[in-house]
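**Student:** After the sequence you'll find the predicted model.
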Amino acid sequence: MKKMRVYEYAKSVNKSSKDIVEQLKKMNINVSNHMSVIDERTIAKLEGKSDSKGKEESTASAPKKEKNSGGGNQKREDNQNKAMNKTNKDKKTNNQNKKQDKRGKNQKGPKKDQRKRSFQEQKPAPTPDKITYSGTLTVGDLAEKLNKDSSEIIKKLMFLGVMATKNEDLEKETIELIAEDYGVEVEEEVFVDELGIETQVEEDDPDQLEERPPVVTIMGHVDHGKTTLLDAIRHTKVTEGEAGGITQHIGAYQVTENDKKLTFLDTPGHAAFTTMRARGAQVTDITVLVVAADDGVMPQTKEAINHAKAAEVPIIVAVNKMDKESANPDRVMQELTEFELVPEAWGGDTIFVNVSALNGEGIDELLEMLLLVAEVEELKANPNKRARGTVVEAELDKGRGPVATLLVQEGTMNVGDPIVVGNMHGKIRAMVNDIGRRVKSAGPSTPVEITGLNGVPQAGDQFVTFEDEKKARQFGEARASRAREEERSQTSKVSIDDLFSQIQEGDVKEINVIVKADVQGSVEAVRGSLEKIEVEGVKINIIHAGAGAITESDVILASASNALIIGFNVRPDVNAKRTAESEKVDIRLHRVIYDAIEEIESAMKGMLDPEYEEKVIGQVEVRQLFKVSRIGTIAGSYVLEGKITRDSTARLIREGVVVYEGKINALKRFKDDVREVSSGYECGITLENFNDIKEGDIIEAYVMEEIKRA
Ligand SMILES: Nc1nc2c(ncn2[C@@H]2O[C@H](COP(=O)(O)OP(=O)(O)OP(=O)(O)O)[C@@H](O)[C@H]2O)c(=O)[nH]1
C-alpha cells in the first residue's frame with residue numbers, strides 16, 4: 001500500500017503541511033505533525049474520495065512508530081481486516097444496514113457502497129429500540145445485544161450494586177433495569193412446550209381466586225414420630241360426622257381445625273416431597289419438621305431441612321415426644337439455630353410447637369400454627385374451572401385397574417371428566433375421598449383416589465381435566481408417544497464423564513454435589529476441599545452433606561437438583577443403587593479423600609484418567625481350611641460359578657457382609673501354582689495378609705476393566 005509523509009503529500013498538492021495536518025485532525029484522523037505517515041486511503045479521504053475499508057485503516061502513524069514496521073504493518077493490517085470482518089458480521093444482524101448494503105450494491109455501484117459503509121463504521125453502532133432473549137443472558141450477551149461495550153455494562157451494574165464479570169448470568173430484573181437505562185424495551189421469549197400440561201390449564205381470573213387449604217408434608221429423622229404424628233392428627237381431627245368412615249390410606253388426608261381444612265400428605269419419609277420435586281411438581285405449602293425432644297437434630301433432620309430449603313417451603317418445627325422425661329426442647333431449639341431455624345422467642349421467625357404425638361398434647365396448637373402460616377402465605381386457587389393438580393400415589397389394582405391419588409390444586413374435578421395424567425389419559429370413572437367415601441367432585445387442595453385411566457402414572461406427574469373427551473385422548477396420546485421417543489434418546493444427567501464438555505459448552509456454571517462419608521470428620525474434610533475447587537469460573541456447590549450410607553433419598557435429591565453424589569468410605573444401599581440407575585444419577589465412591597477431590601477436579605479440567613469398572617468373574621465357596629504355620633490359612637475351595645484367576649482381586653463375604661477385600665496370594669491346584677481355576681473345580685487359595693477365613697465363606701473374584709468412553 002502506498003504510503004507517504006504528510007509534508008510529501010502537502011507538497012504534491014501544493015498545500016502547506018500545516019493545512020493538511022489540520023484537515024486531517026478535522027476528519028478525526030490522528031496525526032502529530034508533518035512527519036506523520038499517511039496511507040492511500042487517508043489520501044483518498046483528503047481528496048474527498050472515501051476509502052474502501054473503514055475507519056480502522058484511516059489512521060496515520062508518527063514517524064517513530066513507523067521505524068521498524070515492516071512486518072508490524074502487515075500484522076496490523078491483518079488485525080484490521082479481522083476487526084472489519086467482525087464489524088461486517090455484526091452488521092448482518094442489523095436489518096437496516098443490510099438493506100443499505102443491498103441498495104448500495106445494486107443501484108449505486110461498489111464505490112458508493114464502500115463509502116457508505118465506511119461512514120457507518122465510523123459511527124458507533126446504534127442502540128436498538130428493543131431486544132429479545134430467551135433463557136439467560138450473560139453480561140457479554142447483553143452488551144452485544146445493546147451494541148455496547150461489556151465494560152460499560154459492568155460499570156452500570158456496579159452503580160446498581162451488582163458486581164458481575166462478563167460471563168456471569170444476569171437476573172431478569174437486572175436485564176430490565178439496564179435496558180431501561182438505555183431506553184430499550186426488553187422481551188423475554190418464553191419457550192412454550194406445546195405438549196406441556198400447563199398449556200391446557202385454564203387461565204385464572206383474579207376475582208375468582210378463593211382461599212384454599214394448605215398442603216402440609218411431615219418430615220424428620222427416623223423414629224422421631226412422623227407416622228405417629230400423622231396418625232394422631234388424623235384420628236383426633238377427621239372431619240366431624242365423617243369420623244365413622246373407614247379411614248383408608250390413599251397417600252393424603254384432610255382434617256378440619258377451627259372450621260378450616262388442612263391437607264396432609266402422608267406418604268412416609270421424604271419420598272413424597274422429593275419424588276415430586278424431582279418431577280418438577282411443587283405440591284407442599286408448608287413442611288412440619290418433626291424432631292424428637294429426647295434425641296435432637298439427627299442426619300435425616302438435616303436432610304429434611306435441606307429438602308425444604310431447596311424447595312423454598314416454610315418450615316414449622318414440631319418438637320415431639322414432649323411426654324418423655326428426657327425431653328429437652330431447649331436443646332432442639334439450640335441445635336436448630338445452626339440451620340437458621342431460630343424460634344420467635346429468640347428473635348427468629350421460625351414457629352416451634354411442643355407436641356406429643358403419643359398423648360395428643362400440642363396438636364391443636366400445631367394445626368393452628370399451620371393455619372396461621374397458611375394465612376400469611378395467602379394460599380388461593382380458583383375452584384370454578386377445569387381441575388389441575390399432581391399425582392400423589394398411583395398403582396395397578398388387580399380388580400380396579402390403574403388407581404391414582406390425585407391432589408387437586410386448582411379448579412374442580414368431577415366424576416366423568418376426561419383427564420390427562422402424566423402420559424396417561426382416560427375418563428374419571430369413580431372418585432373416592434380419604435375416608436373411603438365416593439364423591440362426585442373435588443375442589444382445590446383435596447386429595448381423591450380416581451379410577452378410569454389407561455395406565456399407571458407416576459407420583460409427581462401433573463394432570464389436567466378436559467371438557468372434550470376426544471381432545472383429552474389426542475393430547476394424552478401425543479404426550480405418551482413423545483415420552484416413548486424421549487426414553488429412546490434419553491441423555492444422562494450431570495456425570496463426571498462429560499463434565500468437561502458440559503463446562504466447555506457453557507451448560508454448567510455450578511456443579512451440585514452431595515457428599516456422604518463414614519464419619520462427620522471426613523464429611524467436613526471432603527466438603528472443605530471440594531469447595532475450594534474452581535475451574536474456569538465453575539464452582540462446586542454442596543447441596544447436602546452427611547455421615548452414613550448413600551440412601552435412596554440422597555439419590556432422589558440428587559436427581560431433583562441435578563447433582564453428583566460423592567461417597568467416601570460408604571456405599572449406596574440397594575434401593576439407592578436401583579434408583580440411581582433409573583434416574584441416571586452419577587455416584588462416585590472413593591476410599592481416599594485425595595482421590596475424590598482429584599477425580600472431580602480433573603473431570604472439570606477435562607483430564608480424566610481412564611475409568612475402570614468392577615467385573616465379577618467368579619464365585620468360590622470355602623469348604624475346608626488348612627492352617628500351615630509359615631503360610632497361614634489355606635482355603636480349600638470350590639469354584640461355584642465363573643472362574644478365579646491368580647491376578648483377580650478377592651472379596652471375602654461372610655453372611656452377606658464383606659469382611660475382606662484384597663489380593664490373592666496364591667492359587668493352587670493340588671501342589672501346583674495355577675493361573676486360573678474354572679467352575680466345578682477345587683482349588684487352594686491364600687489371601688494376602690488375611691487368615692481369618694471360615695468354612696462357608698464366599699470368595700468373589702473380580703477384575704477392574706477399563707470403560708471405553710464414547
Ligand atoms: N413417648 C413418645 N413416643 C413417641 C411419640 N411419638 C412417636 N413415638 C414413638 O416413637 C417411635 C417411632 O415413631 P414413628 O411414628 O414410627 O416414627 P417415624 O418418624 O414415622 O419413623 P419412620 O417411619 O421409621 O421414619 C414409635 O415407637 C412411637 O410410638 C411421642 O410423642 N412420645
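**Tutor:** Everything's here; your move.

**Student:** pLDDT weak spots in the stretch 401-550 of the chain?
**Tutor:** Filtered on pLDDT under 70, the stretch 401-550 of the chain yields the residue ranges 487-508.

**Student:** Right, and the ligand sits closest to which residue of it?
**Tutor:** The minimum distance from the stretch 401-550 of the chain to the ligand, using CB to the nearest ligand atom, falls at Gly548 (14.2 Å). In this view, the C-beta of every residue, glycine as well, is placed from N, C-alpha and C.

**Student:** Now do the contacts for that residue.
**Tutor:** Neighbouring residues of Gly548 by CB atoms under 8 Å, 6 or more residues apart in numbering: 299, 516, 570.

**Student:** cool, Val6 as well?
**Tutor:** By CB under 8 Å, 6+ apart, the contact list for Val6 reads 17, 20-21, 24, 31, 33-38, 60.

**Student:** now with 7 Å?
**Tutor:** Val6 makes contacts with 17, 20-21, 31, 34-36, 38, as judged by CB atoms under 7 Å, 6 or more residues apart in numbering.

**Student:** Output those of those also counted as contacts of the ligand.
**Tutor:** For the ligand, no contacts are drawn from these by CB under 6 Å from any ligand atom.

**Student:** hmm, which of those residues are the buried ones?
**Tutor:** Burial by neighbour count, 16 or more other CB atoms under 10 Å: within the contacts of Val6 this picks out 17, 20-21, 31, 34, 36, 38.

**Student:** and these, which of them are in helices?
**Tutor:** Of the buried ones among the contacts of Val6, the ones assigned to helices by DSSP state H are 17, 20-21.

**Student:** Write out the residues of this protein neighbouring the ligand.
**Tutor:** So the chain meets the ligand at 220, 222-228, 268-269, 320-321, 323-324, 356-358 (CB under 6 Å from any ligand atom).

**Student:** May I have the secondary structure class of the nearest residue to Lys627 once chain neighbours are set aside?
**Tutor:** Once flanking residues are discounted, Lys627 sits nearest to Thr633: 5.5 Å by CB to CB, 6 or more residues apart in numbering. Following DSSP: H, G, I helix; E, B strand; the rest coil, Thr633 is assigned to strand.

**Student:** Thr579 now?
**Tutor:** Per three-state DSSP, the secondary structure class of Thr579 is helix.

**Student:** can you check Thr165 too?
**Tutor:** Per three-state DSSP, Thr165 ends up coil.

**Student:** For burial, what's the neighbour tally of the closest residue to it other than its chain neighbours?
**Tutor:** Nearest non-adjacent residue to Thr165, counting by CB to CB, 6+ apart: Val139, 6.9 Å away. Counted with other CB atoms under 10 Å, residues neighbouring Val139 total 24.

**Student:** got it, and the one 3 residues further on?
**Tutor:** Other residues within reach of Leu142, judged by other CB under 10 Å, total 23.

**Student:** What are the phi and psi values at it?
**Tutor:** Backbone torsions of Leu142, given as degrees, to the nearest 10, read phi -60, psi -40.

**Student:** what ranges do the helices span in the stretch 151-300 of the chain?
**Tutor:** 172-181, 226-237, 271-278, 299-310 (DSSP state H, counting those that start in this stretch).

**Student:** and those helices, which is most packed in?
**Tutor:** Comparing the helices of the stretch 151-300 of the chain by mean neighbour count (mean count of other CB atoms under 10 Å), helix 271-278 comes out on top with a mean of 23.

**Student:** quick one: contacts for the residue nearest to Lys627?
**Tutor:** By CB under 7 Å, 6+ apart, the contact set of Thr633 is 625, 627, 691, 693.

**Student:** Tell me how far the residue of the stretch 401-550 of the chain closest to the ligand lies from Ser522.
**Tutor:** Going from Gly548 to Ser522 by CB to CB, to the nearest Å gives 11 Å.

**Student:** Pull out the buried residues from the helix or strand where Arg429 lies.
**Tutor:** Assigned by DSSP states H and E, Arg429 falls within strand 424-432. By 16+ other CB under 10 Å, the buried positions in strand 424-432 come out as 424-428, 430-432.

**Student:** List the contacts of it.
**Tutor:** For strand 424-432, contacts defined as CB under 7 Å, 6+ apart pick out 413, 415-419, 438-439, 442, 448-455, 457, 469, 472-473, 476.

**Student:** cutoff 6 Å now
**Tutor:** Contacts to strand 424-432, defined as CB atoms under 6 Å, 6 or more residues apart in numbering, come from residues 415, 417-419, 438-439, 448-455, 457, 472-473, 476.

**Student:** Which parts of the stretch 251-400 of the chain are strands?
**Tutor:** With DSSP state E, counting those that start in this stretch, the ranges of strands along the stretch 251-400 of the chain come out as 252-257, 260-265, 286-292, 315-320, 351-354, 380-381, 388-397.

**Student:** want to throw those strands into a markdown table with mean pLDDT and mean neighbour count?
**Tutor:** Output for the strands of the stretch 251-400 of the chain, formatted as a markdown table (pLDDT from 0 to 100; neighbours: other CB atoms under 10 Å):
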| stretch | mean pLDDT | mean neighbour count |
| --- | --- | --- |
| strand 252-257 | 88 | 20 |
| strand 260-265 | 92 | 22 |
| strand 286-292 | 95 | 26 |
| strand 315-320 | 96 | 26 |
| strand 351-354 | 96 | 20 |
| strand 380-381 | 94 | 18 |
| strand 388-397 | 88 | 21 |
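
**Student:** Would you mind putting these into CSV with distance to Ile685 alongside?
**Tutor:** As requested, the strands of the stretch 251-400 of the chain are exported to CSV (distance: least, CB to CB, whole Å):
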stretch, distance to Ile685
strand 252-257, 56
strand 260-265, 53
strand 286-292, 49
strand 315-320, 53
strand 351-354, 60
strand 380-381, 68
strand 388-397, 48
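
**Student:** Who are the contact partners of Val391?
**Tutor:** 404, 406, 457, 459, 461.

**Student:** Just give me the neighbour total for the last one.
**Tutor:** Taking other CB under 10 Å as the criterion, the count of residues near Asp461 is 23.

**Student:** I figured it hits Gly422, correct?
**Tutor:** Yes: in this structure Asp461 lies within contact range of Gly422 using CB atoms under 6 Å: 3.0 Å.

**Student:** returning to that earlier point: tell me the angle the strand holding Arg429 makes with strand 388-397.
**Tutor:** On the basis of axes from the mean of the first three to the mean of the last three CA atoms, to 10 degrees, strand 424-432 is oriented at 80 degrees to strand 388-397.

**Student:** Could I get the phi/psi values of Lys694?
**Tutor:** Backbone geometry at Lys694, expressed as degrees, to the nearest 10, gives phi -120, psi 160.

**Student:** which residue sits closest to it, ignoring its sequence neighbours?
**Tutor:** In space, and not counting its chain neighbours, Lys694 is closest to Arg654: 6.4 Å by CB to CB, 6+ apart.
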